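Trainee: sequence and predicted model, in that order:
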Amino acid sequence: MANRFPPDIDMETPSIARMYDYLLGGKDNFEVDRRACDMLLEEFPETLAYANDNHAFLSRAVSYVAARGVDRFLDLGAGLPTSDNTHQVAQKVNPEARVLYVDNDPIVLAHGRALLAGGQGRTAFLNADIRNGADALLDAPETRSLLEGGRPVCVMTVSLLHCLPDSDDPFGLLERLFARLPSGSCLVYSHVVSDDPETARLTTERILSFGTPWGRVRSPQEAEAAFEGLELVSAWSDGREEGPRAVDCAGWRRPGTEPRARPADPSVRLWEHAGVAFKP
């Protein structure tokens, strides 16, 4: 399988993008990624469920945002393509929706080129990182070409900011990005959290022990810093105005499911805290 990928791929160190691909049942991963995931699942079996719940959240959130009339999407830390990618979901609602994927993983870049082939000019890929800063992202030729016109933009940071350490100022990076976007722009967001400090510490240490660059598991309260200055929408599928708005991703606007601030099962120690919010 290695000859399918660029020669500069590190096959000895697990990659977060490839690990996530494995958890979703994908095939673009290596033995080192599978071993790392299996070790993680042995200690924290809920990892498999929240990875799949998080992908389903992405689909529901993109559909919701597109139905609200937003037709420009900036998918940061996009990861490896799976089923129901952002452009596929958005363009089901609005065929004219445009999606710019952003990632810096070499394998993701290779697949990004494949995405370009069928994008009909409405899908592009930018080899970059949120840590490059708002100006570098928004002033890149790819961004100006695809997301031009001063229209509201949906910024997607799905399972991204927990990959950044505090020293990178992940929430400050996001705040500065939104400062340049027009009113009506929105955030689709999820972040691995735990309300048990020991679980957060052990999970963080386990992932860092693989040699994989990463951030940390944060508390739900820490993760909600991403929504500062934005207005969270209802987490209920029928739009009712009650209950928490930043919730376990498994319940966000999922028909027949009550959205909860944390999983109902108290034995679940890790989940993806999620929400959608708009810039006033």
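Mentor: On my side now, so go ahead. Residues are numbered from 1 along each chain as shown.
Trainee: wait, isn't residue 100 in contact with residue 141?
Mentor: No - with contact defined as C-beta atoms under 8 Å, residue 100 does not reach residue 141; the gap is 11.1 Å. The C-beta positions use only the backbone N, C-alpha and C, and glycine is treated the same way.
Trainee: who's more crowded, these two?
Mentor: Taking other C-beta atoms under 10 Å, residue 100 and residue 141 do not tie; residue 100 has more neighbours (26 against 9).
Trainee: OK, contacts around the more buried one?
Mentor: By C-beta atoms under 8 Å, 6 or more residues apart in numbering, the contact list for residue 100 reads 73, 74, 75, 123, 124, 125, 126, 142, 143, 146, 147.
Trainee: let me know the closest of these to residue 16.
Mentor: Lowest distance from residue 16 to those (C-beta to C-beta) belongs to residue 75, with 15.4 Å.
Trainee: centre-most residue in the protein?
Mentor: residue 158 (1.5 Å; C-alpha atoms, centre = their mean).
Trainee: quick check: that residue touching residue 188?
Mentor: Yes - in this structure, residue 158 is within contact of residue 188 by C-beta under 8 Å, at 6.2 Å.
Trainee: return the subset of the contacts of residue 100 lying in strands.
Mentor: 73, 74, 75, 123, 124, 125, 126 (DSSP state E).
Trainee: could you list every residue that touches residue 255?
Mentor: Residue 255 neighbours (C-beta under 8 Å, 6+ apart): residue 237.
Trainee: what's the residue nearest to the centre of the chain sitting at in phi/psi?
Mentor: Backbone torsions for residue 158, taken as degrees, to the nearest 10, come to phi -90, psi 120.
Trainee: okay, and the beta partners of it?
Mentor: residue 190 (DSSP bridges).
Trainee: residue 100 belongs to a helix?
Mentor: No - read with DSSP: H, G, I helix; E, B strand; the rest coil, residue 100 is strand and lies in no helix.
Trainee: and the strands in the stretch 101-250 of the chain, which stretches?
Mentor: Ranges of strands within the stretch 101-250 of the chain are 123-127, 154-158, 186-193, 231-232, 247-248, based on DSSP state E, counting those that start in this stretch.
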